[in-house]
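> just the structure for this:
(2 chains, ligands or ions: 2)
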Amino acid sequence: MKLEVAAVGKDYLIPVIDSVSFAAEAGDFVCLLGPNGCGKTTLLRIVGGIEPATRGRVTLDGHAVIADQRHVRKVGVVFQEDRLLPWMTLRDNVGLVLTPLGLAAAERAATADRYLKLAGLGGFEDYYPGRVSGGMRQRAAIARALAIEPDLLLMDEPFGALDAQNRRIMQTEVRRIWRQTGRTIVFVTHSIEEAVAIGTTLVMLSARPSRVRELIKNDGHVERAKLVDDLNTMIMEEVERQQGAGPGA
Amino acid sequence: MIVAAWWLLSLRYGAYVLPSPVAVVSGLRDIVTSGEIWKHTAASLARIAVGFGGAVVVALLLGLVAFLSRLARGVVHDVLAVLNSTSVFVWIVISIIWFGLSNWAPIFTTFMITLPVVASNIVEGVASVDRRLLEMGDVYHLSGRRKFTAIVVPSTLPYLVAGMKVGFGLALKVSVVAEIFGVTSGIGYVMNYSREILATQMVFVWALVMIAVMTVTDKLVFDTVSRRLTRWRA
Ligand SMILES: Nc1ncnc2c1ncn2[C@@H]1O[C@H](COP(=O)(O)OP(=O)(O)O)[C@@H](O)[C@H]1O
Ligand SMILES: [Mg+2]
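Numbers count the residues shown, from 1 in each chain, chains lettered A, B, ... in the order given. Ligands and ions are numbered 1, 2, ... in the order given. As a prediction, this is how the structure comes out:
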């Protein structure tokens, strides 16, 4: 699966994304970085076909992604919040998204159990979301996204609500799941340490209206500590630039 | 304590104004043994079942309309606001004009009074459905019907049950008042009849029956249902 983001831009009342381009090959783990409010969530929503772009285009294996239209490729999304249905067990939450795929009920349950187990939730299939921890809910949301066997997996700061320790555990888990399933992932984060720890391609966005400030292959050629330092310097500059521009400018 | 005070006061004011607890208990025993208690309670409940049941059905349809169209939601909201501010007496008079002195008068009155209560709860429930969950449904290509049954209905159910709980209590109070006119059965009828024949103790007996019906349905039906529905709550 090849993802191409070509000169994508978005204006709301103000221009949010000026023009962003990058590409991801099958099995890439792309991390989108940038200061708060620079349009990372917006970009992810455009890539997922949830929101239309003002300019540019997104293609998956050459097929254009058009908002509100069912696309040819399957895309799984993990939102910033878990967005589980509180009145359904974890198994039913995962099984629900399998209904459009035409699976029988027993198959749905079996698939749901398989992915819950992969996400480290074996034994919790019959729990309601309200009865498990925030980290486990987020794992269930990841299991749900993986269960449709997506060609592309989009994750928007999925660990934002977790404490530092759980965050580290989840990073390792996602990395393991990624290796195990070979999915193409686009992962939004504002944590540089997180991006450097898990991404293979790092896309650093500039202040709003955003462009790609730096595109880095995280393949071990650059020392991690130095990479973190460099990126930290960059993000500080962008945060300052965004604040200098003022809100709404 | 309360019973003792009641007894003392009844001695002071006489059986016509305030019958003694003893008279009320023996009156209660009489209607239980004669079976009158079941006859009149059943008659009232049957009217409530039709009037209130109809209101719930119509309220559900209004909720569906409000879900499907934002414009309709506004219209429904305004209509309910008007209905909500109409007095019971208005509907009693109108229903007697329209349906004469018949069963339909208390049924219609119950319907008109409970409809806005149940419907505004449902409409509020429909409006409060978490948009982010619906968006999740879109992302995973759930069909409109699936989104309705898996997301909209479960989010609205607690509102429906709350509305029905209030609505049922109201239905009981309202239908009893409407039964004073033109029907020859039901708790309201028999209370008014007891007053006319100066059997004040029976007015008290039937008031107790009414309280019992209300408490039993509340505890047994609505509380059980809402506990069932929110089983998933942490
Ligand atoms: N639906 C919308 N309508 C108007 N402005 C929006 C909307 N969504 C996002 N924005 C604005 O776009 C900017 C980028 O938001 P977002 O993509 O959420 O940033 P990030 O995820 O990088 O923090 C913010 O200034 C936000 O206020
Ligand atoms: Mg965001």
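> need the contact list for the spatially most central residue of chain B.
For chain B, the residue nearest the mean C-alpha position is residue B:168 (2.0 Å; CA atoms, centre = their mean). Neighbour list for residue B:168: B:48, B:52, B:114, B:217-218, B:222 [criterion: CB atoms under 8 Å, 6 or more residues apart in numbering or on different chains]. Yep, even glycine has a C-beta here, placed from its N, CA and C like the rest.
> quickly find the element holding the residue with the largest distance to the centre of chain A.
Distance from the C-alpha centroid of chain A, by CA atoms, centre = their mean, peaks at residue A:106 (29.4 Å). Element membership for residue A:106, per DSSP states H and E: helix A:105-118.
> name the SS class of the residue nearest to residue A:85 when sequence neighbours are not counted, please.
What sits nearest to residue A:85 in space, not counting adjacent residues and going by CB to CB, 6 or more residues apart in numbering or on different chains, is residue A:93, at 5.7 Å. State at residue A:93, reduced to three classes by DSSP: H, G, I helix; E, B strand; the rest coil: helix.
> and for residue A:127?
Strictly by three-state DSSP, residue A:127 counts as coil.
> which residues of chain B fall in helices?
Taking DSSP state H, the helices of chain B run over residues B:2-13, B:21-34, B:36-68, B:70-84, B:88-99, B:104-127, B:131-139, B:144-147, B:153-178, B:187-196, B:200-216, B:224-229.
> please identify the most buried of these.
helix B:104-127 (a mean of 25; mean count of other CB atoms under 10 Å in any protein chain shown).
> check contacts around the residue nearest to residue A:85.
Residue A:93 touches A:84-85, A:112, A:129, A:140, A:144, counting by CB under 8 Å, 6+ apart.
> again, only using 7 Å
A:84-85, A:140, A:144 (CB atoms under 7 Å, 6 or more residues apart in numbering or on different chains).
> could I get the buried residue list for the helix or strand residue A:6 falls within?
Per DSSP H and E: residue A:6 is located in strand A:3-11. Within strand A:3-11, the residues that qualify as buried are A:3-5, A:8-10, counting by 16 or more other CB atoms under 10 Å in any protein chain shown.
> can you pull the pLDDT of the nearest residue to residue B:37 once chain neighbours are set aside?
Leaving aside its sequence neighbours, residue B:37 sits nearest to residue B:31 (CB to CB, 6+ apart; 4.3 Å). On the pLDDT scale, residue B:31 is placed at 87.
> what parts of chain A come near ligand 1?
A:12, A:16, A:34, A:36-42 (CB under 6 Å from any ligand atom).
> would you format the residues you listed as a markdown table with pLDDT and secondary structure included?
Formatted as a markdown table, the residues of chain A next to ligand 1 follow (pLDDT from 0 to 100; DSSP: H, G, I helix; E, B strand; the rest coil):
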| residue | pLDDT | secondary structure |
| --- | --- | --- |
| A:12 | 94 | coil |
| A:16 | 95 | strand |
| A:34 | 91 | coil |
| A:36 | 89 | coil |
| A:37 | 90 | coil |
| A:38 | 91 | coil |
| A:39 | 94 | coil |
| A:40 | 94 | helix |
| A:41 | 95 | helix |
| A:42 | 96 | helix |
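> helices or strands next to the lowest-mean-pLDDT helix or strand in chain B in the packing?
Counting by mean pLDDT, DSSP states H and E, chain B has its least confident helix or strand at helix B:2-13, which shows a mean of 83. Secondary-structure packing of helix B:2-13 (3 or more CB pairs under 7 Å, 6 or more residues apart in numbering or on different chains; DSSP states H and E): helix B:21-34.
> just the residues contacting the helix it packs on, thanks.
B:3, B:6-7, B:15, B:37, B:201-202, B:204-205, B:208.
> now flag whichever of these is closest to residue A:244.
residue B:208 (75.6 Å; CB to CB).
> distance of the residue found closest to that closest one once you drop the neighbours it is linked to in the chain from residue B:15?
Using CB to CB, 6+ apart and skipping residues adjacent in sequence, the residue nearest residue B:208 is residue B:28, 6.7 Å away. Residue B:28 sits 16 Å away from residue B:15 when distances are taken as CB to CB, to the nearest Å.
> before we move on, what about residue B:81?
Counting by CB to CB - residue B:81 and residue B:15 are separated by 46 Å.
> next one: residue B:165
Counting by CB to CB, the gap from residue B:165 to residue B:15 is 37 Å.
> one more: residue A:59?
For residue A:59, the distance to residue B:15 - CB to CB - is 90 Å.
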